[in-house]
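Visitor: could you work out the structure for the sequence below:
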Amino acid sequence: MQHPRVEGTESGFIRTYAATAIGMNKVALRSGMFLFWSLLVCSAVLLSSLSSCGGGSSSTNLPPPAPGKIQHVVVIFQENRTPDNLFQDQTLVSRGADIQNYGVNSLGQKIVLTATALGTDYDLSHQHKAFLDMYDGGKMDGADKIPVYCDTNAPPPCPPPNPWFQYVNPSEVAPYFQLAETYTFGDRMFQTNQGPSFPAHQYIIAGTSVPSVGSSLLVAENPVGGSSNPFLHTGCIAPPEERVSLIDPSGSEAQTIYPCFEHPTLTDSLNAAKISWRYYSPSAGIIWNAPNAIQHMCVPNATPPNATICTGSDWTNNVVLQQTQVLTDIQNGTLAAVSWVIPNGQASDHAGGNAGSGPSWVASVVNAIGNSQYWSDTAIFITWDDWGGWYDHVAPPIKNSYEYGFRVPLIVVSPYAKAAYVSHVTHHFGSILKYVEETFSLSSLGYADADADDFSDCFDYNQTPLTFHTIAAPMDAQHFLEDTTPPTAPDND
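Guide: Residues are numbered from 1 along each chain as shown. Presented below is the predicted three-dimensional model:
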C-alpha cells in the first residue's frame, strides 16, 4: 500500500472559478501563529466548561441506549449553513435557542440580518482563511472580510449589501422548522474542522482529516489543480497534478499532498463487528464522497496518482452512487444499520448552487423512515458540513490550529429524542461517531470521537416512544425518485 506523499507548496495551483475570486489564493500561515493558537487552546478549556443543557430538561447525562432500543443510525449531511442563517425560528428562540438576528462587522457596526432566498446567485468563501477572518481572535466580527463570488449570469446587484449578514426566508425552510420544533434542536453543534467540504466529509466518517496514521498534519482545504474540475474528480482517482493543502500545528499551510489518504475510519470498525453500513452519494469522485479519498476504501485500479476508478469491496458493496436509493432501501426493508446520506447539489442547501429543494429532500428521507418499520429503532442526525461563510455570533471552542469550526445546525430525530427540546451541550461531528460507537459497542478511533460527547442529553430512552407525524414539504419522495436531472457540481470554494 502506497503511503501519501507530502510535498512543498507548488506554484501554479490556481483555483479557477466562474466569477472573480479576489484575494482567495491559498494562504500559508506562518509559524508565528504558534503563540496565537497556544493562547486559544488554553481558552478552550474555559469555553467547554460552560456547556449546559436547555429546553427545560436536566443536564445529567443519560446512559447509552439500552440494547435493542436503537438499531439504525442515519446521518443526513447537508451543506453550508449556520443557526443564525438558517434557523430564524421564533418558536425555537422562545424555547431558549441561541439564535441572533444581527451581527457585528469589522468596523464594530451592528448589522441587522436581512432575509434572502435559500438558493442565492452568489457564494461565500469558507476556506480556512475565511474562518480566521470571521473568527478574529474570538471577536466574531470579521465576516465582512470574507470574499464573495457571484454566479456568472447573476443579475445586478450582485452581491447584495452585506451578503454575509443574511438569513433564509422561513417560508422556504418550513420542513426544517417543523423537525427542529418537534424533536431536538442543538444550538451548540460545531463543525469539527475550520474549513470547507472536502475535509469536513473526512471528519464525518473518521473524525479526522490526517493524511496518514501518526501524522501531525491535517487536510485543510478543498483540492486544486489538475486537468479536470477538482471538485468532481478528486480523492484516490484524481489527476496526478491535483493537490490539497495541509495545515500543521502552528497554523501554516505551506505543504500540499495528493488527495488520497490512509487511516482508519468508522466503517472499518463497523466491518470488523459485521455491522452493515452504506454511504449514499450522487456520484464518484466528488469532494462530498468521503470514501473516494481513503485508499483502503477506494482500492484504486492503479497505484495513485494513476487510477481512474475505485474497485474495493467497501466501494462496490457499501458506497451507493445514487443518493435517492436510500428511499427505496427503506421502502424495501434493506436499510443498513448505519447510513450516511449525501445530497446532490440541487438539494444541498449550498449557496450559489442549490435549487431550494434541500428541506423537501431531508423531509422525504425522514418521512420514509418515520412511516416505515424502521421508525421504532432509528436515530437520525441532520447536520450541515460547514458554516458556508454565513455570519454566526457564537465563537467556537478552539482545540488546535484547525479544530473546532463554527456552529452548524443540528436536528436529532428519533422516537427516543426529547420532544421540543433545545440542547445547549457542545456537540461536533465526532459526537456522531461517538454515538455510533456506543450504540454498537465499538472501540474509539482515537480522533475527534475520543473526547466528544455522545448526545446523551438529546435522548430519553425511558420515555414513551414518540409517534411519528409526517413532515409537510412541497416535494415528496416520489419527486426525487422520478427526477432525472443530472446532479449539479458540488462546492466550488
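
Visitor: give me the sheet partners of the helix or strand hosting Ile380 and which way each runs.
Guide: Using DSSP states H and E, Ile380 maps to strand 378-384. Using DSSP bridges, the strands paired with strand 378-384 in its sheet are strand 72-78 (parallel), strand 410-413 (antiparallel).

Visitor: quick one, strands of the stretch 301-450 of the chain?
Guide: Using DSSP state E, counting those that start in this stretch, the strands found in the stretch 301-450 of the chain span residues 319-320, 338-341, 378-384, 410-413, 421-423, 427-428.

Visitor: give me the buried positions along stretch 116-127.
Guide: Buried residues in stretch 116-127, counted by 16 or more other C-beta atoms under 10 Å: Thr116, Leu118, Gly119, Thr120, Asp121, Tyr122, Asp123, Leu124, Ser125, His126, Gln127. (C-beta placed from N, C-alpha, C; glycine too.)

Visitor: inside strands: which ones of those residues?
Guide: Mapping the buried residues of stretch 116-127 onto strands (DSSP state E) picks out Thr116, Tyr122, Asp123, Leu124.

Visitor: the last one reaches Phe131, doesn't it?
Guide: It stands for Leu124. No. With contact defined as C-beta atoms under 8 Å, Leu124 does not count as touching Phe131 (11.7 Å).

Visitor: which one of the strands paired with strand 378-384 lies closest to Ala448?
Guide: strand 72-78 (14.4 Å; C-beta to C-beta).

Visitor: how far away from the center of its chain is that closest one?
Guide: 11 Å (C-alpha atoms, centre = their mean, to the nearest Å).

Visitor: now do stretch 281-297, average pLDDT.
Guide: The average pLDDT within stretch 281-297 is 97.

Visitor: same check on stretch 465-484?
Guide: Mean pLDDT, computed over stretch 465-484, is 98.

Visitor: pull out the buried residues from it.
Guide: For stretch 465-484, by 16+ other C-beta under 10 Å, it's Leu466, Phe468, Ile471, Ala473, Met475, Ala477, Phe480.

Visitor: same check on stretch 451-460?
Guide: Ala452, Asp453, Asp454, Phe455, Ser456, Asp457, Cys458, Phe459, Asp460.

Visitor: can you list those in TSV and add pLDDT?
Guide: Output for these, formatted as TSV (pLDDT from 0 to 100):
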residue	pLDDT
Ala452	98
Asp453	98
Asp454	97
Phe455	98
Ser456	97
Asp457	98
Cys458	98
Phe459	98
Asp460	97
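
Visitor: tell me the pLDDT of the most centrally placed residue in the chain.
Guide: Taking C-alpha atoms, centre = their mean, the centroid of the chain lies closest to Asp385, which sits 1.4 Å from it. Model confidence at Asp385, given as pLDDT, is 98.

Visitor: what about it, distance to Ala180?
Guide: 18 Å (C-beta to C-beta, to the nearest Å).

Visitor: please name the nearest non-neighbouring residue to Ala420.
Guide: Excluding the flanking residues, the one nearest Ala420 by C-beta to C-beta, 6 or more residues apart in numbering is Glu181, at 6.4 Å.

Visitor: is that neighbour in a helix, a strand, or coil?
Guide: helix (DSSP: H, G, I helix; E, B strand; the rest coil).

Visitor: ok, the closest residue to Asp151 other than its chain neighbours - contacts?
Guide: Distance criterion C-beta to C-beta, 6+ apart; nearest residue to Asp151, sequence neighbours excluded, is Asp121 at 4.5 Å. Going by C-beta atoms under 8 Å, 6 or more residues apart in numbering, Asp121 touches Cys150, Asp151, Asn153, Ala154, Pro155, Cys158, Gly352.

Visitor: give me phi/psi at the first one?
Guide: Its backbone dihedrals place Cys150 at phi -90, psi 140, with angles given as degrees, to the nearest 10.

Visitor: what is it paired to in the beta sheet?
Guide: Tyr122.

Visitor: surely it touches Cys158?
Guide: Yes. With contacts counted by C-beta under 8 Å, Cys150 reaches Cys158, the gap being 4.0 Å.

Visitor: which one of these two has more residues nearby?
Guide: When Cys150 and Cys158 are compared for neighbours, Cys150 comes out ahead with 20 against 16, by other C-beta atoms under 10 Å.

Visitor: where's that one relative to Gly225, distance?
Guide: 24 Å.

Visitor: could you do Trp390 as well?
Guide: Distance from Trp390 to Gly225, by C-beta to C-beta: 28 Å.

Visitor: of the two, who's got more company?
Guide: Using other C-beta under 10 Å, the more surrounded residue of Trp390 and Gly225 is Trp390, with 29 against 19.

Visitor: what's near enough to touch the more buried one?
Guide: Asn80, Arg81, Thr82, Asp84, Asn85, Leu124, Ala143, Trp164, Gln166, Ala351.
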